[in-house]
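Student: prediction below, plus the sequence it came from.
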Amino acid sequence: MNSGLTQYRMAASPGAQRAKPKVDYIYLAVLLMSFPGYPLVAAFSTITGLPNTPLSIALRGLNFGLALVLILAGIASRRERSSGLLLVALGVFWLAYTARLYFDTLYDPAFLGNAISYYWVWAIGGSLVPMLGLAMKTSRPEQADDYFRWLYLATFAACFLSMFLATGTVGTEPGMEYESGRMRLEALNPIALGHLGAMLVELSAWALLFHRPWSRGSRRLLLLAGLAIGCYVLLAANSRGPVLAVLACFLFLLCFVSFRYKFAVMAFLVVGALAIVPLSLYLQETQNINAFSRLFGQSLEQHAQQSSRVDLFGSAFEVFLTNPWLGGALEDPSTRSYPHNVIVEAYMALGLFFGSLFVIVLIALCYRTAVLFRRFPQYGWPSLLFIQYLVGAQFSGSLYGSTFMWCAIGLILSFGTSSAALVGEAARARSVYPPRLGRPTW
């Protein structure tokens, strides 16, 4: 630890050159494929007319292979890992969940709603392995700055294309179409599209506040354009979960940024609230999307009743009661589906002990996220992604299919392995403090 601190002090000396970013391109590839990768593939499929399934399989397969490389490299590395205890707890949880997968898909598949391979591909190939690949790469918080540019540009491109390619028309049978009132791509449902817009909104707002390399000129214009495009896609998708996730991220910012930033966050919220009405009217007139009524015209209780969430939760609780210690089933046998809430699902599938372990892990991750953002807001975009997809998984997520949530957990475990002193010296070497606000006190 002392030798690392000495190196950063040498780098920060007046005669030293500014530290150059060191990008791990395998890590970057896994990061991009895990977040904006599939929306880009969906947009490419729509533009070219190529079938989406082979492209998606190729993307997931490449991501799986590169994540395995990162896992093996992480095992071989002897670096100090501050997230070791959380990794062990997640490993125990996933061992229990894999046992549940094995038992239900092998011995009791009649009550499952999908093919056996579907659960294994998404749980292991789409969630567990990419999460571990990201988590096993030990990185300091300031190294998140090296990957932001690529992540933002890929997210911007996916959102920009989706804005023009998305449609509210749904075909049920050949020649039979109807207006759903929610924008989507053929291979990207409204919830996923809404989260894509939400991610662009959060990354744009964060960079406008904290990312000094993009604090002026054309890059600031790009961020403002990204903020506008993200808001449009978010409202056009007309899904409540992504909207609530964005609000949760801004509330997180209000709680954990220093006092001088709180006014800027509140300004974003006020401007966003003022922009919702004209944008909703525009969508209603041009796309027949009544976003304002759907998103804000109902209470959460009314929305839950109309979308059968209460019935799903009640049925999941009955499954939990059949075996409260080890869990009742991978999916609810009566609906052949998941309860659309990962915490409820954890108790239903794994019982009291492992369900509580999952909740404890999430609480620990939330605490870690808050500490990281409070100390280093200029490297805080992974924290916002974690909050977004954790909240989103409470409205429409499953344990095996919430790939974005698991990959965001991997980011939090990766970018947080240094002391405040080390990061402070590295930041001075990089010279990436927020503009005009001075250096933070660690």
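Tutor: In hand now; what should we look at?
Student: tell me the contacts of the closest residue to residue 214 other than its chain neighbours?
Tutor: What sits nearest to residue 214 in space, not counting adjacent residues and going by CB to CB, 6 or more residues apart in numbering, is residue 207, at 5.3 Å. C-beta coordinates here come from the backbone N, C-alpha and C atoms, glycine included. For residue 207, the contact set (CB atoms under 8 Å, 6 or more residues apart in numbering) comprises 148, 152, 214, 223, 381.
Student: buried residues, stretch 204-224. List them.
Tutor: Residues of stretch 204-224 classed as buried: 204-212, 214-215, 222-223 (neighbour count, 16 or more other CB atoms under 10 Å).
Student: distance to residue 356 for the residues you listed - can I get that in a markdown table?
Tutor: Formatted as a markdown table, those follow (distance: CB to CB, whole Å):
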| residue | distance to residue 356 |
| --- | --- |
| 204 | 37 |
| 205 | 35 |
| 206 | 33 |
| 207 | 37 |
| 208 | 39 |
| 209 | 36 |
| 210 | 35 |
| 211 | 38 |
| 212 | 42 |
| 214 | 42 |
| 215 | 44 |
| 222 | 44 |
| 223 | 41 |
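Student: which of the contacts of residue 207 fall in helices?
Tutor: 148, 152, 223, 381 (DSSP state H).
Student: and those, which two are furthest apart?
Tutor: 223 and 381 (12.4 Å; CB to CB).
Student: state the mean pLDDT of the strand or helix carrying residue 230.
Tutor: Element membership for residue 230 (DSSP states H and E) is helix 218-237. For helix 218-237, the mean per-residue pLDDT is 92.
Student: and the helix or strand just after it, what other elements does it pack with?
Tutor: Once helix 218-237 ends, the next helix or strand along the chain (criterion: DSSP H and E) is helix 240-256. In terms of contacts (3 or more CB pairs under 8 Å, 6 or more residues apart in numbering; DSSP states H and E), helix 240-256 is packed against helix 190-210, helix 218-237, helix 259-287, helix 291-296, helix 342-375, helix 381-396.
Student: helix 240-256: how far from the chain's middle?
Tutor: Centre-to-centre, helix 240-256 and its host chain are 13 Å apart (CA atoms, centre = their mean, to the nearest Å).
Student: what lies in contact with it?
Tutor: The contact list for helix 240-256 (CB under 8 Å, 6+ apart) reads 191, 194-195, 197-198, 201-202, 205, 234-235, 261-262, 265-266, 268-269, 294-295, 303, 370, 373-374, 377, 383-384, 387-389, 391-392, 395-396.
Student: CA atoms of the helix or strand harbouring residue 43 as PDB?
Tutor: Assigned by DSSP H and E, residue 43 belongs to helix 38-48. In PDB, the C-alpha atoms belonging to helix 38-48 read as follows (Å, rounded to 0.1, in the frame of the first residue of the first chain):
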ATOM      1  CA  TYR A  38     -27.600  -5.900 -26.700                       C
ATOM      2  CA  PRO A  39     -29.600  -2.700 -27.500                       C
ATOM      3  CA  LEU A  40     -27.000  -2.000 -30.200                       C
ATOM      4  CA  VAL A  41     -27.500  -5.500 -31.600                       C
ATOM      5  CA  ALA A  42     -31.300  -5.100 -31.500                       C
ATOM      6  CA  ALA A  43     -30.900  -1.800 -33.400                       C
ATOM      7  CA  PHE A  44     -28.500  -3.300 -36.000                       C
ATOM      8  CA  SER A  45     -31.000  -6.200 -36.500                       C
ATOM      9  CA  THR A  46     -33.800  -3.800 -37.100                       C
ATOM     10  CA  ILE A  47     -31.800  -1.700 -39.600                       C
ATOM     11  CA  THR A  48     -30.400  -4.700 -41.600                       C
END
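Student: on that earlier part again, could you measure from the residue nearest to residue 214 over to residue 240?
Tutor: The spacing between residue 207 and residue 240, counted by CB to CB, to the nearest Å, is 26 Å.
Student: and if you look at residue 402?
Tutor: 17 Å.
Student: so those two - more neighbours on which side?
Tutor: The neighbour comparison of residue 402 against residue 240 (other CB atoms under 10 Å) goes to residue 402, with 25 against 18.
Student: how about stretch 51-64: buried residues?
Tutor: 52, 55-56, 59-60, 63-64.
Student: also stretch 362-376?
Tutor: Those buried within stretch 362-376 under the rule 16+ other CB under 10 Å are 362, 365-366, 368-369, 372-373, 375-376.
Student: just stretch 186-199 next, same as before
Tutor: Going by neighbour count (16+ other CB under 10 Å), the buried part of stretch 186-199 is 187-188, 190-199.
Student: in the stretch 51-200 of the chain, which segments are predicted with low confidence?
Tutor: Applying pLDDT under 70 to the stretch 51-200 of the chain picks out residues 78-82, 171-179.
Student: what segments of it are helices?
Tutor: 52-76, 84-107, 116-120, 129-135, 145-165, 190-210 (DSSP state H, counting those that start in this stretch).
Student: what's the closest of those to residue 327?
Tutor: Between those, helix 84-107 lies closest to residue 327; by CB to CB that is 6.5 Å.
Student: list the contacts for the residue nearest to residue 332 when sequence neighbours are not counted?
Tutor: Nearest in space to residue 332, with sequence neighbours left out and distances taken as CB to CB, 6+ apart, is residue 315 at 5.1 Å. With CB under 8 Å, 6+ apart as the criterion, the residues that contact residue 315 are 332, 334-335, 339.
Student: if you set the cut-off to 10 Å instead, what comes out?
Tutor: Applying CB atoms under 10 Å, 6 or more residues apart in numbering to residue 315 gives the contacts 308, 332-335, 337, 339, 348.
Student: cool, and residue 196?
Tutor: For residue 196, the contact set (CB under 10 Å, 6+ apart) comprises 35-36, 38-40, 42-43, 155, 158-159, 162-163, 185, 188, 230, 233-234, 237, 242, 404.
Student: ok, back up a step: does anything pack onto the helix holding residue 230? Which helices or strands?
Tutor: helix 145-165, strand 176-184, helix 190-210, helix 240-256, helix 259-287, helix 291-296 (3 or more CB pairs under 10 Å, 6 or more residues apart in numbering; DSSP states H and E).
Student: most packed of the ones you listed?
Tutor: Of the helices and strands packed on helix 218-237, the one with the most neighbours on average (mean count of other CB atoms under 10 Å) is helix 190-210, at a mean of 25.
Student: distance check, residue 147 against residue 135.
Tutor: Residue 147 is 15 Å from residue 135, by CB to CB.
Student: same question, residue 67
Tutor: Using CB to CB, we find residue 67 at a distance of 10 Å from residue 135.
Student: who has more neighbours, those two?
Tutor: Per other CB under 10 Å, whichever of residue 67 and residue 135 has more neighbours is residue 67, with 29 against 25.
Student: pretty sure the more buried one contacts residue 403?
Tutor: No. Residue 67 is beyond contact range of residue 403, at 11.5 Å (criterion: CB atoms under 10 Å).
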